[in-house]
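> here you go, sequence then predicted model.
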Amino acid sequence: MAHYSHILLAVDLSNEAGQVAERGQRLSELYDATLSIVHVIEPVSYTYGGDIPLDFSGIQEEIQQQAQLRLDELAESMSIPAGNRHLLMGRPETEIHNVAEEIGADLIVVGSHGRHGLALIFGSTANGVLHGATCDVLAVRVRQP
């Protein structure tokens with residue numbers, strides 16, 4: 001079994017993110033590994049298309065501020081130092097791969113909602129992370145409350 005030294009916890013900040021965070025924290029304690037956390041915000045223009053002539057900058061700024069607050073709150077509850085917290089903007093799987101390589105993570109822990117069919121093809125961040133990662137990936141099955 002591999003010995004992990006730096007674990008990257010990729011969270012979506014949903015209500016179920018705590019389940020993924022708990023698994024990442026337990027693994028970091030088990031391996032005495034450094035724990036980092038990342039959340040990726042998709043630009044509003046990705047969601048609504050780049051050809052809509054609207055200014056989303058105010059909305060995007062509010063989304064970013066709220067995400068930073070929630071990320072900091074979760075990270076503080078896990079004693080993750082500020083230097084190991086990453087709030088990024090872009091395509092989640094791409095940004096998660098980039099930060100994992102940048103920090104030298106040897107395990108990425110990400111939540112999986114168990115989607116299948118078209119939802120899996122078009123929306124699975126966990127699947128995208130798995131298929132492009134240069135390190136191990138643990139997909140934690142997220143249970144709905």
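Looks like it came in fine.

> could you list the low-pLDDT ranges of the chain?
1, 45-57, 113-123, 145 (pLDDT under 70).

> note down every partner strand of the lengthiest strand in it and its orientation.
In the chain, taking DSSP state E as the definition, the longest strand is strand 34-41. Within its sheet, and counting by DSSP bridges, strand 34-41 is paired with strand 6-10 (parallel), strand 85-89 (parallel).

> export the ones you listed to JSON lines and tack on distance to Q64?
Glycine gets a C-beta too; all of them are placed from N, C-alpha and C. Rendered in JSON lines, the data for those read as follows (distance: least, C-beta to C-beta, whole Å):
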{"stretch": "strand 6-10", "distance to Q64": "17"}
{"stretch": "strand 85-89", "distance to Q64": "7"}
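
> any idea which of those strands is most buried?
For these, the largest average neighbour count (mean count of other C-beta atoms under 10 Å) is found in strand 6-10, namely a mean of 27.

> any idea how far it is from the chain center?
Strand 6-10 has its average C-alpha position 9 Å from the chain's average C-alpha position, going by C-alpha atoms, centre = their mean, to the nearest Å.

> now do it: everything it contacts.
Contact with strand 6-10 is made by 20-21, 24-25, 27-28, 31, 33-40, 92, 96, 99-100, 103-111, 125, 129, as judged by C-beta atoms under 8 Å, 6 or more residues apart in numbering.

> give me that answer again for 7 Å
With contact meaning C-beta atoms under 7 Å, 6 or more residues apart in numbering, strand 6-10 is reached by 20-21, 24, 27-28, 33-38, 96, 99-100, 103-110, 129.

> got a ChimeraX select line for the buried ones in those?
With 16 or more other C-beta atoms under 10 Å as the criterion, this ChimeraX line picks the buried residues out of the contacts of strand 6-10:
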select :20,21,24,27,28,33,34,35,36,37,38,96,99,100,103,105,106,107,108,109,110,129
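
> can you give me the helices for this protein?
When secondary structure is read from DSSP state H, the chain shows helices at 17-31, 44-48, 57-77, 92-103, 118-123, 125-130.

> just those helices: most buried one?
For these, average neighbour numbers computed from mean count of other C-beta under 10 Å are highest in helix 125-130, which has a mean of 20.
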